[in-house]
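Asker: Below are the sequence and a predicted model; questions follow.
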2 protein chains.
Amino acid sequence: MPTETFFNLPEEKREKIIQTALEEFAQHSYAQASISRIVRRAGIAKGSIYQYFKDKKDLYLYLIQLAGEAKLRFIAQEKPGARQDFFDDFRDLLVVGARFNLASPRNQLYAQMASKMYTSPIRDEMLTKMKEMSEAYIADLVRAGQEKGQIRTDVPVELLTYFLNAVMTEFHRYLAKVAGVDPDRIVEPENLERVQRLDLERIFTDLVDVLENGMGREDARWSP
Amino acid sequence: MPTETFFNLPEEKREKIIQTALEEFAQHSYAQASISRIVRRAGIAKGSIYQYFKDKKDLYLYLIQLAGEAKLRFIAQEKPGARQDFFDDFRDLLVVGARFNLASPRNQLYAQMASKMYTSPIRDEMLTKMKEMSEAYIADLVRAGQEKGQIRTDVPVELLTYFLNAVMTEFHRYLAKVAGVDPDRIVEPENLERVQRLDLERIFTDLVDVLENGMGREDARWSP
DNA sequence: ACTTCATATGACCGGACGGTCACATGACTG
DNA sequence: CAGTCATGTGACCGTCCGGTCATATGAAGT
């Protein structure tokens, strides 16, 4: 958590620091990200940032927290209520997640940073809880879908959860590939534009359909 | 490529260096891996390793190359020939891949290192080609499956390829989770033992079945 | 005017890194 | 024996890092 000093700062300065730090942690892994670069680019003295945050980890966790809060707020506001059909529901989740990521430059940075969160070397209660929450959320969705009789029950819940997780985790790579863009440079304006031009609705529909019905040929699946 | 000097070394010493370097690059990302640690743990002088390899990148690429060669050899030797059914074939690929990874401690290190390859900061022709090859291999499998009428043709090949890639990429995390083990510490002997005790056949069968038939409830899928 | 106090600063610390180089070693050659 | 050559060595270089701290600044309070 930042110090009181940080919150006393004029908003403009606070913003500049957050923005610069976000860019740094979005571009580099936690270990690779450099406090020295941040202060240089934010135009403040090295010592100053240690008046605002206890250490590098404190700054990092604060940014993660901001990202989590922003995403939760967005989802609460934008996601349609639970639907009857699990797959429609999951599709909503993908759509709203993608919409969040594309909604603002700030959100793109959040997304980029969060995607690195899962391999962060930091062991922290808050971070662990966030990871568990997002996995548990999916697992709950799956169980609810099974209870509604929309999801097969002959394979372990964990397997299905893993599937959905894998699909979500790797999804941005797929988008980048379809758009013909380097996945690691997806936040650059011209690349983002290309991604935004994609027929996202179509892609999500296909994706969820494959999840629901598999990749086997329709005839084979539907014939007796 | 290593220098001639390196190949003139007594095999024992050469082995020690390879082994130590492998352990380092398996545990850390390219940037995080430390030449200083490698030479310390291998018991050679700092200057020596620069008699064997041009620089850090040269050493890294050589290890990647060794890993690739070993895996190709293993697959050529162990994988059954192409089957009639695409999904049986893909299952063979998963099984043989997992068998390779578990076959020897060296292979575990190879696997661990290779899994980090895809986010490596190194831009190199050889590395790029290896990434492309593994993706193209899957894409070819998919197209062949479509031609045999076993894979649906109403969604883009890229989407299906992305699915298979996602599943393969995230698979080791699933194994780790089911075994109750930290994914990043999966190479440690006691953890490996737990993974090996899993019913891998069953897991693969379920996995491929979900790929083929989807996660929708059977009744829903098979009813008219 | 004097004191207090929050805040700003950048030189500096110890340590790690990749990489170099002048020199040491020791086996083989004539 | 001297000379050559492949190989070994670790102190050292420049650079960056996260983090500290003595000092400076300047507004507010009296």
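Answerer: Received, thanks.
Asker: tell me the contacts of the residue most central in space within chain A?
Answerer: Residue closest to the average C-alpha location in chain A (CA atoms, centre = their mean): residue A:111, at 4.4 Å. The neighbours of residue A:111, taking CB atoms under 8 Å, 6 or more residues apart in numbering or on different chains as the test, are A:67, A:100, A:101, A:172. Where you see a C-beta, it was placed from the backbone N, CA and C, and this is true even at glycine.
Asker: how near is residue A:20 to DNA strand D?
Answerer: 13 Å (CB to the nearest atom of the strand, to the nearest Å).
Asker: how about that residue, what does it touch?
Answerer: With CB under 8 Å, 6+ apart, residue A:20 has these contacts: A:38, A:41, A:42.
Asker: Quick one: residues contacting the last one.
Answerer: Spelled out, it's residue A:42. Contacts of residue A:42 (CB under 8 Å, 6+ apart): A:16, A:17, A:20, A:21, A:49.
Asker: Now do the helix or strand the last one falls within: everything it contacts.
Answerer: Element membership of residue A:49 [criterion: DSSP states H and E] is helix A:46-52. Residues from elsewhere that reach helix A:46-52, judged by CB under 8 Å, 6+ apart: A:2, A:3, A:5, A:6, A:9, A:17, A:35, A:36, A:38, A:39, A:42, A:59.
Asker: buried set for it?
Answerer: A:48, A:49, A:50, A:52 (16 or more other CB atoms under 10 Å in any protein chain shown).
Asker: next one: stretch A:28-47
Answerer: Neighbour counts over stretch A:28-47 (16+ other CB under 10 Å) mark A:28, A:30, A:33, A:35, A:38, A:39, A:41, A:42, A:44 as buried.
Asker: quick one: the last one and residue A:17 touch, right?
Answerer: Right, residue A:44. Yes. Residue A:44 is within contact range of residue A:17, at 6.9 Å (criterion: CB atoms under 8 Å).
Asker: Disregarding flanking residues, what is the spatial nearest neighbour of residue A:99?
Answerer: Leaving aside its sequence neighbours, residue A:99 sits nearest to residue A:78 (CB to CB, 6 or more residues apart in numbering or on different chains; 6.6 Å).
Asker: got the contact list for the one you found?
Answerer: Contacts of residue A:78 (CB under 8 Å, 6+ apart): A:96, A:99, A:100.
Asker: In the residues you listed, which residue is surrounded by the most others?
Answerer: residue A:100 (21 neighbours; other CB atoms under 10 Å in any protein chain shown).
Asker: Now name the helix or strand holding that residue.
Answerer: With DSSP H and E as criterion, residue A:100 is part of helix A:86-103.
Asker: now do residue A:181
Answerer: Using DSSP H and E, residue A:181 falls within no helix or strand.
Asker: which residues sit in contact with it?
Answerer: Residue A:181 touches A:191, A:194, A:195, counting by CB under 8 Å, 6+ apart.
Asker: got a winner among the residues you listed for most neighbours?
Answerer: In terms of neighbour count, residue A:195 stands highest of those at 20 neighbours, by other CB under 10 Å.
Asker: picking that back up, please name whichever of the contacts of residue A:111 scores lowest on pLDDT.
Answerer: Taken together, the contacts of residue A:111 show their lowest pLDDT at residue A:172, with 83.
Asker: buried residues in the helix or strand harbouring that one?
Answerer: Using DSSP H and E, the element containing residue A:172 is helix A:157-179. Neighbour-count burial for helix A:157-179 flags A:157, A:159-168, A:170-179 (criterion: 16+ other CB under 10 Å).
Asker: Could I get the pLDDT score of the closest residue to DNA strand C within chain A?
Answerer: Minimum separation of chain A from DNA strand C (CB to the nearest atom of the strand) falls at residue A:47, amounting to 1.7 Å. pLDDT recorded at residue A:47 is 97.
Asker: Now distance to DNA strand C too, for the contacts of residue A:78, in a markdown table please.
Answerer: Listed next are those as a markdown table, based on distance: CB to the nearest atom of the strand, whole Å:
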| residue | distance to DNA strand C |
| --- | --- |
| A:96 | 38 |
| A:99 | 37 |
| A:100 | 32 |
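Asker: Which parts of chain A are helices?
Answerer: Secondary structure of chain A, counting by DSSP state H: helices at A:4-8, A:11-27, A:35-42, A:46-52, A:56-78, A:86-103, A:105-117, A:125-147, A:157-179, A:189-196, A:200-213, A:218-222.
Asker: Contact residues of chain A facing DNA strand C?
Answerer: A:4, A:5, A:8, A:9, A:13, A:44, A:45, A:46, A:47, A:48, A:50, A:51 (CB under 7 Å from any atom of the strand).
Asker: So, low pLDDT: which residues of chain A?
Answerer: A:218-224 (pLDDT under 70).
Asker: one more time with 80, if that's ok
Answerer: A:183-188, A:217-224 (pLDDT under 80).
Asker: quick one on the thing from earlier: ok, and of the contacts of helix A:46-52, which contact DNA strand D?
Answerer: Okay, of the contacts of helix A:46-52 touching DNA strand D (CB under 7 Å from any atom of the strand), that's A:35, A:36.
Asker: Include distance to residue B:210 when you put the contacts of helix A:46-52 into JSON lines, please.
Answerer: Output for the contacts of helix A:46-52, formatted as JSON lines (distance: CB to CB, whole Å):
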{"residue": "A:2", "distance to residue B:210": "45"}
{"residue": "A:3", "distance to residue B:210": "49"}
{"residue": "A:5", "distance to residue B:210": "53"}
{"residue": "A:6", "distance to residue B:210": "48"}
{"residue": "A:9", "distance to residue B:210": "51"}
{"residue": "A:17", "distance to residue B:210": "46"}
{"residue": "A:35", "distance to residue B:210": "45"}
{"residue": "A:36", "distance to residue B:210": "48"}
{"residue": "A:38", "distance to residue B:210": "44"}
{"residue": "A:39", "distance to residue B:210": "49"}
{"residue": "A:42", "distance to residue B:210": "48"}
{"residue": "A:59", "distance to residue B:210": "41"}
